[in-house]
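> Fold the stuff below for me.
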Amino acid sequence: MPLTNNVIIKLNEITTMIEDKSKLSESDISVIKSIFQNLVENNERYDVDEIEFWFTNEGSWTKKESIIRIANLSSYVQDKYQQTAHLRIISDDDCGCGN
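Next comes the predicted model:
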């Protein structure tokens, strides 16, 4: 699945925002999680391998560890959202009677 323009815009935001691309701080990780959370909440879908490929080819990310960490964060957020989304599908029927 190719990355959408909205996802690429957010990946560029991450690249611009992170000063030290060789090591992600806890603050960086928190912001990255928030960006991916916002994407999935807005029904943007992405392939984690494409995220990793994008950062690898972007040019300013030279440490593979940082790239893998971001890819793992994107996977974690997407998986977590999909798991909780399944819970939201359950009916709001309080009595269990179907009405």
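> Report the buried residues of the lowest-mean-pLDDT helix or strand in the chain.
Averaged element by element with mean pLDDT, DSSP states H and E, the chain has its least confident helix or strand at helix 64-89 (a mean of 86). Within helix 64-89, the residues scored as buried using 16 or more other C-beta atoms under 10 Å are S66, I67, R69, I70, A71, L73, S74, S75, V77, Q78. Every residue, glycine included, has its C-beta placed from N, CA and C.
> Serialize those to JSON lines and add fields for distance to I18.
As requested, these are arranged in JSON lines below (distance: C-beta to C-beta, whole Å):
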{"residue": "S66", "distance to I18": "8"}
{"residue": "I67", "distance to I18": "11"}
{"residue": "R69", "distance to I18": "11"}
{"residue": "I70", "distance to I18": "9"}
{"residue": "A71", "distance to I18": "14"}
{"residue": "L73", "distance to I18": "12"}
{"residue": "S74", "distance to I18": "14"}
{"residue": "S75", "distance to I18": "18"}
{"residue": "V77", "distance to I18": "17"}
{"residue": "Q78", "distance to I18": "20"}
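> Give me the contact list for the strand or helix carrying S34.
With elements taken from DSSP states H and E, the one containing S34 is helix 26-41. If you take C-beta atoms under 8 Å, 6 or more residues apart in numbering as the criterion, helix 26-41 is touched by 6-7, 10, 13-14, 17-18, 24, 46, 69-70, 73-74, 76-78, 81-82.
> any idea how far it is from the chain center?
A distance of 6 Å separates the C-alpha centroid of helix 26-41 from that of its chain, computed with C-alpha atoms, centre = their mean, to the nearest Å.
> What residues of that helix count as buried?
For helix 26-41, the buried set under the neighbour-count rule, 16+ other C-beta under 10 Å, comprises D28, V31, I32, I35, F36, L39, V40.
> Averaged pLDDT, it. What do you get?
The pLDDT scores in helix 26-41 average 96.
> any idea of the angle that helix forms with helix 64-89?
On the basis of axes from the mean of the first three to the mean of the last three C-alpha atoms, to 10 degrees, helix 26-41 is oriented at 40 degrees to helix 64-89.
> Send me helix 26-41 as CSV with only the CA atoms.
Coordinates of the C-alpha atoms in helix 26-41 are reproduced here as CSV (Å, rounded to 0.1, in the frame of the first residue of the first chain):
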residue,chain,number,x,y,z
GLU,A,26,11.4,10.3,25.2
SER,A,27,9.9,13.6,24.2
ASP,A,28,10.5,12.7,20.5
ILE,A,29,8.9,9.3,21.0
SER,A,30,5.8,10.9,22.6
VAL,A,31,5.4,13.3,19.7
ILE,A,32,5.9,10.6,17.1
LYS,A,33,3.3,8.4,18.8
SER,A,34,0.9,11.4,18.8
ILE,A,35,1.4,12.0,15.1
PHE,A,36,0.7,8.4,14.2
GLN,A,37,-2.3,8.3,16.6
ASN,A,38,-3.7,11.3,14.8
LEU,A,39,-3.3,9.6,11.5
VAL,A,40,-5.1,6.4,12.4
GLU,A,41,-7.9,8.3,14.2
